[in-house]
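Chemist: Could you look at this predicted model? Sequence included:
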Amino acid sequence: MDKKHSSRIAGKQSERTMKTGESTLYLSVLLVSVGFFALLISAASAGFSYDMDSVVPAAPTPHVKTKFEREVGKMVEGSPIAEMVPYIAKQDPETAKYLVSIAKHESNWGKYSPKNSAGQTCYNYWGFRGSGDNVTKSGYSCFGSPKEAVAAVGSRLDYLVHGLSLDTPRELIVWKCGSSCAGHSQGDVNRWIGNVDLYSRKIERVAGIESSR
């Protein structure tokens, strides 16, 4: 074998060795890269899980008072009906003003109201008489909470004001008399109308309610 031929063989063997080395190097780099990315993904997943577990729940949206709630709340401050103002404020404005003004005449905003057999308040500040078993001996409805009371009495007033269009104190005297005022003194009737009218106008003014009269 001449030197030239031997040189060619050696060159080919060297080329094959280099290619094998390069392939091995590429494979090593690839394996290291895959391992590195797998490590990154694992770390990211662990971090994401930790962040999710440590999220603090969002604070509830603070209650924003309407003008009615603010102003009428000041008007009735210190009286039992004060705790009902947030519920009353959610009623239709016309219904809401009569809930407050009628309660002023009937119970002085809850200071003089029916009690149940255990001597507890019935949350009935309107002289409301409804059907059901939970009533006093005098026939006044007893409610389990301020919210329940406003819902029941508000529903009845809403029907009178909007369903029957009895939207003035003089027309709403049916709340006191029923179908007829024959059994009531005219003085009592006039006082009821006068007081409800006086306070409903005050509420219209401070709460910005447009009068239907």
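Modeler: Good, I have the coordinates.

Chemist: how long is stretch 111-121 from one end to the other?
Modeler: 10 Å (Cα to Cα, to the nearest Å).

Chemist: Between its first and last residues, how far does stretch 170-190 reach?
Modeler: 9 Å.

Chemist: start at 34 instead
Modeler: Sure, I'll start counting at 34 from here, so that last one is stretch 203-223.

Chemist: Mind listing what's buried along it?
Modeler: Residues 205-206, 208-209 are the ones in stretch 203-223 that count as buried (16 or more other Cβ atoms under 10 Å). Bear in mind the C-beta positions are built from the backbone N, C-alpha and C, glycine included.

Chemist: next one: stretch 94-103
Modeler: 101-102.

Chemist: Output the buried residues of stretch 203-223 as CSV; include the columns secondary structure.
Modeler: CSV is the format used below for the buried residues of stretch 203-223 (DSSP: H, G, I helix; E, B strand; the rest coil):
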residue, secondary structure
Leu205, helix
Ile206, helix
Trp208, helix
Lys209, helix
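
Chemist: Just put those residues in JSON lines and tack on distance to Ser164.
Modeler: Converted to JSON lines, these look like this (distance: Cβ to Cβ, whole Å):
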{"residue": "Leu205", "distance to Ser164": "21"}
{"residue": "Ile206", "distance to Ser164": "22"}
{"residue": "Trp208", "distance to Ser164": "16"}
{"residue": "Lys209", "distance to Ser164": "19"}
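
Chemist: which is the next helix or strand following the worst-scoring helix or strand of the chain on mean pLDDT?
Modeler: Across the helices and strands of the chain, mean pLDDT, DSSP states H and E gives its lowest value to helix 36-86, namely a mean of 50. Reading on from helix 36-86 to the C-terminus, the next helix or strand found by DSSP states H and E is helix 100-108.

Chemist: Can you tell me what sits against that following helix?
Modeler: Here helix 100-108 makes contact (Cβ atoms under 8 Å, 6 or more residues apart in numbering) with 98, 115, 118-119, 121-122, 126, 129, 133, 235-236, 239-242.

Chemist: ditto for stretch 210-220
Modeler: Contacts for stretch 210-220 (Cβ under 8 Å, 6+ apart): 206, 209, 222.

Chemist: is it possible to export those residues to CSV including pLDDT and distance to Lys137?
Modeler: Listed next are these as CSV, based on pLDDT from 0 to 100; distance: Cβ to Cβ, whole Å:
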residue, pLDDT, distance to Lys137
Ile206, 97, 15
Lys209, 95, 13
Val222, 97, 17
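
Chemist: Tally up the residues packed near Lys148, please.
Modeler: Counted with other Cβ atoms under 10 Å, the neighbours of Lys148 add up to 13.

Chemist: Got phi/psi on the one residue sitting closest to the centre of the chain?
Modeler: Central residue of the chain (Cα atoms, centre = their mean): His96, 7.9 Å from the mean position. Main-chain torsions, His96, degrees, to the nearest 10: phi -70, psi 130.
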